[in-house]
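>>> here's a sequence, model it:
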Amino acid sequence: YPLSLEERVEEPAGNVSALPSHFTWARGRILADDPDELSEQRSATGVITELRDQMDTMNEELLIEAAYFVPLERGVERLRQLTSRGVRVRVLTNSLASNDVLAAHAGHAKYRKALLASGVELYEMRPDAGVIKKKVHSATPKAALHTKAMVFDRESLFIGSFNLDPRSANINTEAGLYVESPVLAKRVIDYMDEGVQPENSYRVVLDEDGRLVWTTREDGREVRYNRDPESGAWARLMSGFIQVLPVDKQL
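Residues are numbered from 1 along each chain as shown. Alright, predicted model coming up:
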């Protein structure tokens, strides 16, 4: 129970009654997969289908924050189509050092260069993110991103269980809430913007030779890495090994 059973209930009940005055009311709907349709051919009302349809109508900006981001070739192509018509696409996901599922990171890493070449802005969470240090009272806190959210043209948003990966799209049943509200979209954007600040994440870019570079700021100066930051040789080796296995659709 959240409250002691001996506590008077009038005050908590009054607080609950006052909550609606602080809400932002907006039109929304639940998106959910039908458990009877566990196949690559999801229904016309499945989560992935609804999100794709929403992306097709965008004009300005798509912001994504996902713990596991494995777009596959068709996902990269869909994002390339967006950027080619002037839609800004920004993604924040876990780095190798902050990811708690090595295989999921391997699936993401396999498509990083293609994503960047298509015009996507890519960020990866730092394991020592400053936002985590502020909120967790521990000498050695480790950040790990768990959000699954998308904001469309700063007008609407999706928050739910759906990761942008093949497992969520084709294997799991997922659910989430799609809301049409610029006010709530702004709140989620403020949260997302904090995550991509240099003290919280690495900006992943391609150098002039087409190689991956991670940039961030430490002690007020820019720092560049030429391989997955704060990661061990064994983790990088295993990630590379998984990338050559034919398991993309399981990630």
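
>>> can you give me the strands in the stretch 151-251 of the chain?
156-160, 175-180, 201-206, 212-218, 221-225 (DSSP state E, counting those that start in this stretch).

>>> strand partners (parallel or antiparallel) of the first one?
Okay, so that is strand 156-160. Sheet pairing here is set by DSSP bridges, and for strand 156-160 it gives strand 148-152 (antiparallel), strand 175-180 (antiparallel).

>>> let's have the ones you listed in a markdown table, adding distance to Phe158 and mean pLDDT.
Every residue, glycine included, has its C-beta placed from N, CA and C. Shown next, in a markdown table, are those (distance: least, CB to CB, whole Å; pLDDT from 0 to 100):
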| stretch | distance to Phe158 | mean pLDDT |
| --- | --- | --- |
| strand 148-152 | 5 | 95 |
| strand 175-180 | 5 | 94 |
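
>>> out of those, which is the most enclosed?
strand 148-152 (a mean of 22; mean count of other CB atoms under 10 Å).

>>> returning to what we had before: can you say which of the strands of the stretch 151-251 of the chain is nearest to His105?
For His105, the closest of the strands of the stretch 151-251 of the chain is strand 201-206, at 12.6 Å, according to CB to CB.

>>> before we move on, back to that, can you put the strands paired with strand 156-160 in CSV and add distance to Val70?
As requested, the strands paired with strand 156-160 are exported to CSV (distance: least, CB to CB, whole Å):
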stretch, distance to Val70
strand 148-152, 13
strand 175-180, 18
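
>>> make a markdown table from the strands of the stretch 151-251 of the chain and add distance to Leu122 to it.
As requested, those are exported to a markdown table (distance: least, CB to CB, whole Å):
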| stretch | distance to Leu122 |
| --- | --- |
| strand 156-160 | 20 |
| strand 175-180 | 23 |
| strand 201-206 | 4 |
| strand 212-218 | 10 |
| strand 221-225 | 14 |
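
>>> closest one to Met58 among the ones you listed?
Of those, nearest to Met58 by CB to CB is strand 156-160, at 9.9 Å.

>>> how far is that closest one from where the chain is centred?
Relative to its parent chain, strand 156-160 has a centroid offset of 11 Å by CA atoms, centre = their mean, to the nearest Å.

>>> hmm, who's touching it?
Residues outside strand 156-160 that contact it (CB atoms under 8 Å, 6 or more residues apart in numbering): 31, 47, 51, 54, 147-152, 174-181, 184-185, 188.

>>> what is the mean pLDDT for that strand?
In this model, strand 156-160 carries a mean pLDDT of 95.

>>> just stretch 208-226 next, same as before
91.

>>> gap between the two ends of that stretch?
13 Å (CA to CA, to the nearest Å).

>>> who touches that stretch?
95, 112-113, 116, 124, 126, 198-199, 201-207, 227-229.

>>> picking that back up, closest to Pro246 out of the strands paired with strand 156-160?
strand 148-152 (26.0 Å).

>>> just the CA trace of that closest one, in PDB.
In PDB, the C-alpha atoms belonging to strand 148-152 read as follows (Å, rounded to 0.1, in the frame of the first residue of the first chain):
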ATOM      1  CA  LYS A 148      10.500   4.300 -25.700                       C
ATOM      2  CA  ALA A 149       9.100   7.600 -27.100                       C
ATOM      3  CA  MET A 150       8.600   9.400 -30.400                       C
ATOM      4  CA  VAL A 151       7.500  12.900 -31.100                       C
ATOM      5  CA  PHE A 152       6.000  13.800 -34.500                       C
END
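
>>> okay, and Ile64 sits in which element?
Counting by DSSP states H and E, the element that carries Ile64 is strand 61-66.

>>> which helices and strands does that strand pack with?
Under the contact definition 3 or more CB pairs under 8 Å, 6 or more residues apart in numbering; DSSP states H and E, strand 61-66 sits against strand 88-94, strand 148-152, helix 182-195.
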